[in-house]
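Trainee: the sequence isn't on hand, but the structure is:
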């Protein structure tokens, strides 16, 4: 394990924000200055984050650009007519009805709460993810829209939601993640597990499990905590890099 840790630490040391950010979906919330805009744009971008990174960014642009330079203020004050643009949105399996539902649900939550962080205060991460999902699904929606909000209670790894939490919670010295939410301890974050990071973890011998589910994400996260108990999910960035793990 010492060799693996040294390899991952070396990758992190060589990682430069200027090289990473422009080509990653996190570049989208990095365009904004206000915390509310970063959070909202980050959440929407994270929900679209499957597939090629350039296409994810393009999809996020299509959803956010109609909302102007301050999407949080736009959403808070938008009427039904102002949100009609979302009904034309398409990205992979997310269609216009899904997008409109998400914006309407987020609008309702933001009119009640200043931040989505409220769903995570004084809770374990998995409970917070479940409560946020339930709150979003309180509003009228088609059954098909639920697939865009992973259910950790059904053992989904919830990669996109875990990545959003990484963006919001980690205080990243390289300036990649934002560290906006102070009520969550970065030590409690769970690895955002997708096909790429799971395969990388297997190459390193961090898991022998074949399923890319919550159990696997938790198993790898526990090993990463042995590498850095304060900030284990920083290694998500190292696992994502395409270097030879040897």
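Mentor: Yep, it's here. All figures in this text were calculated on a predicted structure; none of them were measured in a lab. Numbers count the residues shown, from 1 in each chain.
Trainee: all contacts plus neighbour counts: C-alpha atoms, from now on.
Mentor: OK.
Trainee: can you point me to the longest helix in the chain?
Mentor: If you go by DSSP state H, the chain has its longest helix at helix 96-112.
Trainee: show me what that helix is packed against.
Mentor: For helix 96-112, the packing partners by 3 or more C-alpha pairs under 8 Å, 6 or more residues apart in numbering; DSSP states H and E come out as helix 71-77, helix 125-136.
Trainee: contacts for that helix, please.
Mentor: The set of residues external to helix 96-112 that reach it, using C-alpha atoms under 8 Å, 6 or more residues apart in numbering, is 75-76, 83-84, 86-90, 116, 135-137, 139-142, 144-145.
Trainee: same thing but at 7 Å, please
Mentor: Contacts with helix 96-112, where a contact means C-alpha atoms under 7 Å, 6 or more residues apart in numbering, come from 75, 76, 86, 87, 88, 89, 90, 136, 139, 141, 145.
Trainee: tell me which residues in it are buried?
Mentor: Judged by neighbour count (16 or more other C-alpha atoms under 10 Å), helix 96-112 contains these buried residues: 96-110.
Trainee: if I look at the residue positioned nearest the centre of the chain, how far off is residue 58?
Mentor: By C-alpha atoms, centre = their mean, the chain has its centre lying nearest to residue 164, at 2.3 Å. Distance, residue 164 to residue 58, by C-alpha to C-alpha, to the nearest Å: 18 Å.
Trainee: how about residue 210?
Mentor: Distance from residue 210 to residue 58, by C-alpha to C-alpha: 31 Å.
Trainee: looking at the two, which has the bigger crowd around it?
Mentor: More crowded of residue 210 and residue 58, by other C-alpha atoms under 10 Å: residue 58, with 17 against 10.
Trainee: show me the shaky parts of the protein.
Mentor: 242-246 (pLDDT under 70).
Trainee: if you set the cut-off to 90 instead, what comes out?
Mentor: 1, 140, 172-173, 240-246 (pLDDT under 90).
Trainee: picking that back up, can you redo the helices and strands packed on helix 96-112 as TSV with mean neighbour count and distance to residue 200?
Mentor: Shown next, in TSV, are the helices and strands packed on helix 96-112 (neighbours: other C-alpha atoms under 10 Å; distance: least, C-alpha to C-alpha, whole Å):
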stretch	mean neighbour count	distance to residue 200
helix 71-77	17	35
helix 125-136	18	24
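Trainee: for residue 2, which of the ones you listed is the nearest?
Mentor: helix 125-136 (28.2 Å; C-alpha to C-alpha).
Trainee: quick check: closest non-adjacent residue to residue 38.
Mentor: The shortest distance from residue 38 to any non-neighbouring residue, by C-alpha to C-alpha, 6 or more residues apart in numbering, is to residue 29 (4.8 Å).
Trainee: surely that neighbour touches residue 44?
Mentor: No. Applying C-alpha atoms under 7 Å as the test, residue 29 and residue 44 come out as separate, 9.5 Å apart.
Trainee: look up how far residue 81 lies from the closest residue to residue 21 other than its chain neighbours.
Mentor: Using C-alpha to C-alpha, 6+ apart and skipping residues adjacent in sequence, the residue nearest residue 21 is residue 27, 5.2 Å away. Residue 27 sits 29 Å away from residue 81, going by C-alpha to C-alpha.
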